[in-house]
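1. okay, sequence plus prediction incoming.
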Amino acid sequence: MSSSTPSKNPPPGQQLNRQDDNVFKLVMKLYETKQYKKALKNVETVLKSNPQHGESLAMKGLILSSLPNSKKEEAYDLVKTGLMKNMKSLICWHVYGLLYRSDNNYMEAIKCYKQALKIEDNNLSILRDLSMLQVHMRDLQSLTDTRQKLLELKPSSKANWLGFAFAHHLQGNHECALAILDSYEGTMGLPETAYDASEFLLYRCLIKFESGAWQETLDLFAKYGNKLVDKEYVYCTSAECHEKLDQWDKALQCYKELVEINPENKEFIEPYVETATRDGKKTPSEVFTELANTYPKSKTVQKLQTDAASGEEFVKLATKMVKHYIIKGIPSLENALKSFYTFPDKVKVIEEILTKMEKEVTASETIEGEPATKVTIFNIWMGLSGHYMRAGDQAKALEHCEKCIKHTPTADSIFTLKARILKRMGKLQEAADSMEEARKMDPADRFYNSKTAMYLLRVDNWKEAEETFNIFTYKPIQDTWPTICEMQCMWYITELGDSLYRLGDVEAALKKYLIIEKTFKDIVEDQFDFHHYVTKKQNIRAYLDLLRFMDTARNHKYFCRAAAKIVRCYLDIHSQGEEKIKERINQKFADKEAAHSKLLSKEQREKQSEFDTTVDYKTPLESAQPFLEELLKYRGTVLASQLLAIEFYSTLGSPLRALRAIKQALTLPGADESVELKSKAEEFFKNETSAELEVAIKEIIIEQKAEVMKAFKC
């Protein structure tokens, strides 16, 4: 709270006697320690003798909003009433801001805090709360001003120094941020612990690096030396600086140090090889051979070496790799080989290696000169099955799969491979049955459980899918759906939405897709908890990564997939109308949800309501547009996104946007050979040239028609 004491000069009628004043102070302390029931009891005691006391009314509203099953409307009414009683109360305005903040209405909360600061402009608590809201809303200029005020009021606080430097850094004022950190170090000294001191110094190096001062960044690394704990960051950043300065030998040395730290990290090995071969004196094969000799136990080096090899060298390395997986009985051979399947010559080599081993084991019970065991032939057949699946020959893949099952019918991994093969063949029900067989063999395996549920959803068997998923929730069946939503299990929610859409239930499907949007909204909102914590703990670099990730969180594949489906559902609603959409509701699914809801307690039902979403039947296109814009922002280079945009903007009656989508689609690889894109373009020009449009718009469309249609090769 903003203050532990009520207003110093309250208006007439707002003054509390000494006893009630002490109780009110206790109320604020109880609220801060989250003892809401005790706080409510005490504030009601104050209101009993002072029913018109504005600050007590506001506090009661805030406490009620914090209780379980809170009534928000009543809370807002009480706070507004309290504010009307005492408009010059710092507490009332702060409480009003806290109430808005709890509802994620940050703009209104900021207005309330600013109003409170007009009453007491030096209140540290409100200034801190305001700075958190400003960074959350990325209002960087205001954040800088607030942080400067906090530093002026309390220069002894380390968090205030770091917060002010961080605000300038976010704005791109690198020199100013560095100057603040220099003043901080000169005034306060380095943090006490080695880790905190390292983080402070590395943050300074990060700012210097992002300012483009490559040599100065290297000088700082050299200056701080052993004080820096995060050696990986030092070497990674040093390598980048050396590359910018064309100091390739030094960059190579940095990458070498990184490989020494972790020879299994692909992100260290690949730039090392690329830098080592840059001058043409060594080939990738020679560098990988050196690495393989230096780090003989590194599986990543061996795999990348095989990836880079060709001809006889590839045959030799691939044979060694396949033999290792076969003899050890490692079932992930198919996954380890998948990078080779974009090269036809390597696919042929893999097949020759496996078939040669199969003949050798069958004929002499040896493999590459070593004695074979009873399971060796099983491992080879499984490898061949995975190979043929990747190569596109599903019939042969299934044939070898059946051989494996006949040989060892208790091996669960072969049933998962069979399920994947059947899925590729389009036999989804058989794939689900095979996955269920694997799950039954190892009921304690969560992966098998999840995969089985996914396969069941793909054959629209959501009832069994829910029962299967429920095995690992350890809760009654009616709690499964709220648990899935609470766990933010996006693959399940998306697959369920897809299933319902296939069954024709657009409304139910849309509600599921909207939960994905709500999930990402919650993820973004969760960053709020870190704003105050991080400056105290000094994990500034990690915090910066968090903020930058949150700015692009909706770039995630599940959000983009759901966004496309949401737009599609709203287009269906627009074209078919509410009545037809409701006629197609899947009654079995609706009955199942209703039956489960009846079994929930009142508390559980209220919890489930948090995941309820609403379909907009009145203005479906307006509701869909933000999702399309997000989709185009992050997946604009995908043809399917532009095809959806053409359809949407044509339906919306925005021909110029539709035309822009057509032209952007044509810039994508292979788009000029897309029959679907050509069909949509033809339909667009046919409809729009005959429509009643403004003369200027029609002229643009007619002018662009010849150019656009000429671009197609199909």
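-> Good, I have the coordinates. All values derive from a computational prediction rather than experimental measurement.

2. what's the following helix or strand after the lowest-mean-pLDDT helix or strand in the chain?
-> Lowest mean confidence among the helices and strands of the chain (mean pLDDT, DSSP states H and E): helix 602-609, at a mean of 76. Scanning forward in sequence from helix 602-609 by DSSP states H and E, the next helix or strand is helix 620-635.

3. how far off centre is that following helix?
-> 18 Å (C-alpha atoms, centre = their mean, to the nearest Å).

4. do stretch 20-35 as well
-> 40 Å.

5. what does it rub up against?
-> For stretch 20-35, contacts defined as C-beta atoms under 8 Å, 6 or more residues apart in numbering pick out 1, 4-6, 16, 36, 38-39, 42-43, 45-46, 49-50, 55-56, 59, 62-63, 66. For glycine as for every other residue, the C-beta is placed from the backbone atoms N, C-alpha and C.

6. for the least confident helix or strand of the chain, which helices and strands make contact with it?
-> helix 480-486 (3 or more C-beta pairs under 8 Å, 6 or more residues apart in numbering; DSSP states H and E).

7. okay, buried residues for the helix it packs on please.
-> 480-485 (16 or more other C-beta atoms under 10 Å).

8. mean confidence for whichever helix or strand comes after it?
-> Note on helix 480-486: by DSSP H and E, the next helix or strand toward the C-terminus is helix 490-502. Model confidence over helix 490-502, given as mean pLDDT, is 96.

9. and the least confident helix or strand of the chain, which residues are buried?
-> Of the residues in helix 602-609, those buried (16+ other C-beta under 10 Å) are 604, 608.

10. ditto for stretch 98-115
-> 98-101, 106, 109-110, 112-115.

11. now, which of the contacts of stretch 20-35 lie within helices?
-> 36, 38-39, 42-43, 45-46, 49, 55-56, 59, 62-63, 66 (DSSP state H).

12. tell me which two of those sit farthest apart.
-> Spanning the widest gap among those are 49 and 66, at 23.8 Å by C-beta to C-beta.

13. so those two - more neighbours on which side?
-> The residue with more neighbours, out of residue 49 and residue 66, is residue 66; 17 against 13, by other C-beta atoms under 10 Å.

14. I'd say the more buried one and residue 36 touch.
-> Yes: between residue 66 and residue 36 a contact is recorded at 5.1 Å, counting by C-beta atoms under 8 Å.

15. helix or strand for the closest residue to residue 416 other than its chain neighbours, which one?
-> Spatial nearest neighbour of residue 416, excluding adjacent residues (C-beta to C-beta, 6 or more residues apart in numbering): residue 438 at 4.8 Å. Assigned by DSSP H and E, residue 438 belongs to helix 428-441.

16. quick check: buried residues in that helix?
-> Here helix 428-441 shows 428, 430-439 as buried, counting by 16+ other C-beta under 10 Å.

17. now stretch 443-461
-> 445, 448-461.

18. how about low-confidence regions in the stretch 251-400 of the chain?
-> Residues of the stretch 251-400 of the chain meeting the criterion pLDDT under 70: none.

19. can you show me the strands along it?
-> Secondary structure of the stretch 251-400 of the chain (DSSP state E, counting those that start in this stretch): strands at 366-367, 370-371.

20. who's in contact with residue 386?
-> Neighbours of residue 386 in contact, by C-beta under 8 Å, 6+ apart: 333-335, 337, 397, 417.

21. residue contacts, residue 708?
-> Counted by C-beta under 8 Å, 6+ apart, residue 708 has contacts 659, 662-663, 666, 681, 685.

22. that one and residue 565: what is the separation?
-> Distance from residue 708 to residue 565, counting by C-beta to C-beta, to the nearest Å: 28 Å.

23. and if you look at residue 170?
-> 35 Å.

24. more neighbours: these two, which one.
-> Relative neighbour count places residue 565 above the other of residue 170 and residue 565, with 21 against 17, counting by other C-beta under 10 Å.

25. for the more buried one, which three-state class applies?
-> Recorded secondary structure, residue 565: helix (DSSP: H, G, I helix; E, B strand; the rest coil).

26. got a list of what it touches?
-> With C-beta under 8 Å, 6+ apart, residue 565 has these contacts: 494, 497-498, 501, 509-510, 513.

27. can I get the CA coordinates of the strand or helix carrying residue 110 in CSV?
-> Using DSSP H and E, residue 110 falls within helix 106-119. C-alpha atoms of helix 106-119 as CSV (Å, rounded to 0.1, in the frame of the first residue of the first chain):
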residue,chain,number,x,y,z
TYR,A,106,-3.3,-1.1,-16.6
MET,A,107,-4.1,2.2,-18.4
GLU,A,108,-6.8,3.1,-15.8
ALA,A,109,-4.5,2.0,-13.0
ILE,A,110,-1.8,4.3,-14.3
LYS,A,111,-4.3,7.2,-14.3
CYS,A,112,-5.2,6.5,-10.7
TYR,A,113,-1.5,6.4,-9.6
LYS,A,114,-0.8,9.7,-11.4
GLN,A,115,-3.8,11.2,-9.6
ALA,A,116,-2.4,10.0,-6.3
LEU,A,117,1.0,11.5,-7.1
LYS,A,118,-0.7,14.9,-7.5
ILE,A,119,-1.6,14.6,-3.9
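
28. okay, the helix or strand just after that helix in PDB with CA atoms only?
-> Counting by DSSP H and E, the next helix or strand C-terminal to helix 106-119 is helix 124-136. The C-alpha trace of helix 124-136 is given here as PDB (Å, rounded to 0.1, in the frame of the first residue of the first chain):
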ATOM      1  CA  LEU A 124       7.900   6.000  -3.000                       C
ATOM      2  CA  SER A 125       5.400   3.100  -2.900                       C
ATOM      3  CA  ILE A 126       3.200   4.600  -5.600                       C
ATOM      4  CA  LEU A 127       6.100   5.600  -7.700                       C
ATOM      5  CA  ARG A 128       7.400   2.000  -7.600                       C
ATOM      6  CA  ASP A 129       4.000   0.600  -8.500                       C
ATOM      7  CA  LEU A 130       3.700   3.200 -11.300                       C
ATOM      8  CA  SER A 131       7.100   2.200 -12.700                       C
ATOM      9  CA  MET A 132       6.100  -1.500 -12.800                       C
ATOM     10  CA  LEU A 133       3.000  -0.600 -14.800                       C
ATOM     11  CA  GLN A 134       5.000   1.600 -17.200                       C
ATOM     12  CA  VAL A 135       7.500  -1.100 -18.000                       C
ATOM     13  CA  HIS A 136       4.700  -3.600 -18.400                       C
END
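
29. show me what helix 124-136 is packed against.
-> Using 3+ C-beta pairs under 8 Å, 6+ apart, helix 124-136 sits against helix 90-102, helix 106-119, helix 140-153, helix 158-171, helix 530-537.

30. hmm, who's touching that helix?
-> 1-3, 90, 94, 97-98, 101, 106, 109-110, 113-114, 116-117, 120, 140, 142-143, 146-147, 149-150, 153-154, 163, 167, 170, 527-528, 531-532, 547.

31. just to revisit the earlier point, so how far is the least confident helix or strand of the chain from its chain's centroid?
-> Chain-centre distance of helix 602-609: 27 Å, with C-alpha atoms, centre = their mean.

32. neighbouring contacts of it?
-> 68-69, 478-479, 481-482, 485, 597, 600.

33. change it to 10 Å
-> 68-69, 475-476, 478-479, 481-483, 485-486, 593, 596-601 (C-beta atoms under 10 Å, 6 or more residues apart in numbering).

34. buried ones among these?
-> Buried among the contacts of helix 602-609 by 16+ other C-beta under 10 Å: 478-479, 481-483, 485, 596, 600.
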